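Visitor: Sequence and predicted structure, then a few things I'm wondering about:
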Amino acid sequence: MSKQLMPLALIVLVLVAGSWLLAQQPAAPKPAANPDGKYQVSGSGDGAVLLETTTGKTWLLRRFSQGRNVWVPVQRIDSQEEAQKLMDKERQLELERGLPK
């Protein structure tokens, strides 16, 4: 290789290696696991969700007045009919709240 190409090749090599190093992304942090792996907690908005991994049961962390925090069970709806009943009930409650007394 000529003396003129040597510095150019070195610069290209350094640029390629530097670009490759900058493109490497750090691995995403793994969620903290508890020793038996039965429960997983995940942040959700200003609260958290608790999942029991063996049964699929879930709870939401609910903050009450006076500093009380309580895990509230989440109802699971398994059918379209159940979902429709819940939505109809919600609509009815909204209508009742909106009517003057």
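Guide: Here it is on my side, so go on.

Visitor: quick check, distance from stretch 78-85 to the centre of its chain.
Guide: 26 Å (Cα atoms, centre = their mean, to the nearest Å).

Visitor: Quick one: mean pLDDT over that stretch.
Guide: Mean pLDDT, stretch 78-85: 91.

Visitor: what's it in contact with?
Guide: Residues outside stretch 78-85 that contact it (Cβ atoms under 8 Å, 6 or more residues apart in numbering): residue 77. No exception for glycine: its C-beta is placed from N, CA and C like everyone else's.

Visitor: got the buried residues for that stretch?
Guide: Along stretch 78-85, not one residue counts as buried under the neighbour rule (16 or more other Cβ atoms under 10 Å).

Visitor: The helix or strand of the chain with the lowest mean pLDDT: what's the following helix or strand?
Guide: Within the chain, no helix or strand scores below helix 5-23, which has a mean of 77 by mean pLDDT, DSSP states H and E. Per DSSP states H and E, helix 5-23 leads on to strand 39-44 as the next helix or strand towards the C-terminus.

Visitor: Check which strands are paired with that next one and give the direction for each one.
Guide: Looking at strand 39-44 with DSSP bridges, its partner strands are strand 47-52 (antiparallel).

Visitor: From the chain's centre, how far out is the strand it pairs with? Work that out for me.
Guide: 11 Å.

Visitor: same check, this time on stretch 46-57
Guide: Distance, centroid of stretch 46-57 to centroid of chain: 12 Å (Cα atoms, centre = their mean).

Visitor: for the record, mean pLDDT for it?
Guide: 88.

Visitor: Please export the C-alpha coordinates of it as PDB.
Guide: In PDB, the C-alpha atoms belonging to stretch 46-57 read as follows (Å, rounded to 0.1, in the frame of the first residue of the first chain):
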ATOM      1  CA  ASP A  46     -49.700   6.600  38.500                       C
ATOM      2  CA  GLY A  47     -50.400   3.100  39.900                       C
ATOM      3  CA  ALA A  48     -49.400  -0.500  39.300                       C
ATOM      4  CA  VAL A  49     -50.800  -3.800  38.200                       C
ATOM      5  CA  LEU A  50     -50.100  -7.100  40.000                       C
ATOM      6  CA  LEU A  51     -50.300 -10.300  38.000                       C
ATOM      7  CA  GLU A  52     -50.300 -13.800  39.500                       C
ATOM      8  CA  THR A  53     -48.500 -15.700  36.800                       C
ATOM      9  CA  THR A  54     -49.900 -19.100  37.700                       C
ATOM     10  CA  THR A  55     -53.600 -18.200  37.500                       C
ATOM     11  CA  GLY A  56     -53.700 -15.000  35.500                       C
ATOM     12  CA  LYS A  57     -55.500 -13.100  38.200                       C
END
